[in-house]
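Visitor: This is the structure alone, sequence omitted:
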């Protein structure tokens, strides 16, 4: 009977956690996530390099005139006109941010805290419409104000969303009226 007791005394339970393997997996996963983020950052920088031919963004004139409309909201980015997934990242146009829009007789002033401000002269404005999406942002139908403008030899769509979405229709009408008036005066 003594050998049976010795067998029971020598029996050990299996180790529950293999800490070395667990730490290895966590470190490996962390390195993989870091690699993915690094590749995304490099892709963003490469896209900016490819779009390097885009001229510097215009700034607002010293005397733009009285404000016709103002709007607070979000800037969701800019894309090549008609290609809602082809994001433009050069000169900070790909950076999402808060935005303060001001429409004057001189054009559209886009003020973005923490990002590059820019100005779209009235002669560069081409169209304003309501849409449902732009690169990286999809909303309900008509939830996004999209302004099409010309910069250099490139047509650009810029997407904005007001804090008060009911303002979008007023902006579309005002911008399109301004564009039509400019085209009519230019044809004379």
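Guide: Looks like it came in fine. All of these numbers come straight from a predicted model, not from anything done at the bench. Numbers count the residues shown, from 1 in each chain.
Visitor: For the rest of this, base every contact and every neighbour count on C-alpha atoms.
Guide: Fine.
Visitor: what about residue 55, which SS state?
Guide: What DSSP: H, G, I helix; E, B strand; the rest coil gives for residue 55 is coil.
Visitor: which phi and psi does the residue lying closest to it once chain neighbours are set aside have?
Guide: Leaving aside its chain neighbours, residue 55 sits nearest to residue 152 (6.3 Å; criterion: CA to CA, 6 or more residues apart in numbering). Dihedral pair for residue 152: phi 70, psi -130, per degrees, to the nearest 10.
Visitor: quick one, domains of the protein?
Guide: 17-50, 69-187 (automatic domain parsing).
Visitor: Name the stretch among those that sits most buried.
Guide: The highest average neighbour count among the domains of the chain, using mean count of other CA atoms under 10 Å, belongs to domain 69-187 at a mean of 18.
Visitor: doesn't residue 54 make contact with the residue nearest to residue 55?
Guide: Yes: the criterion here is CA atoms under 8 Å, and residue 152 meets it with residue 54 at 6.8 Å.
Visitor: list the contacts for residue 47?
Guide: Contact partners of residue 47, counting by CA atoms under 8 Å, 6 or more residues apart in numbering, are 88-90.
Visitor: Wait, a helix at it?
Guide: Yes: with three-state DSSP as the criterion, residue 47 is located in a helix.
Visitor: measure it to residue 85 for me?
Guide: 13 Å (CA to CA, to the nearest Å).
Visitor: Kindly report the same for residue 72.
Guide: On the measure of CA to CA, residue 72 and residue 85 end up 24 Å apart.
Visitor: swap in residue 107?
Guide: From residue 107 to residue 85 the distance is 26 Å (CA to CA).
Visitor: Same question for residue 124.
Guide: In terms of CA to CA, residue 124 sits 22 Å off from residue 85.
Visitor: which stretches of this structure have low pLDDT?
Guide: 1-16, 186-188 (pLDDT under 70).
Visitor: quick one, longest strand in it?
Guide: Longest strand in the chain, counting residues (DSSP state E): strand 69-80.
Visitor: chain center to that one: distance?
Guide: 9 Å (CA atoms, centre = their mean, to the nearest Å).
Visitor: Sheet-wise, list the partners of it with their directions.
Guide: Under the criterion DSSP bridges, strand 69-80 sits next to strand 87-88 (antiparallel), strand 97-104 (antiparallel), strand 154-162 (antiparallel) in its sheet.
Visitor: Can you tell me which of those strands is nearest to residue 78?
Guide: Relative to residue 78, the nearest member of the strands paired with strand 69-80 by CA to CA is strand 154-162, separated by 4.2 Å.
Visitor: what sits up against the closest one?
Guide: With CA under 8 Å, 6+ apart, strand 154-162 has contacts from 54, 71-82, 84, 134, 143-150, 168.
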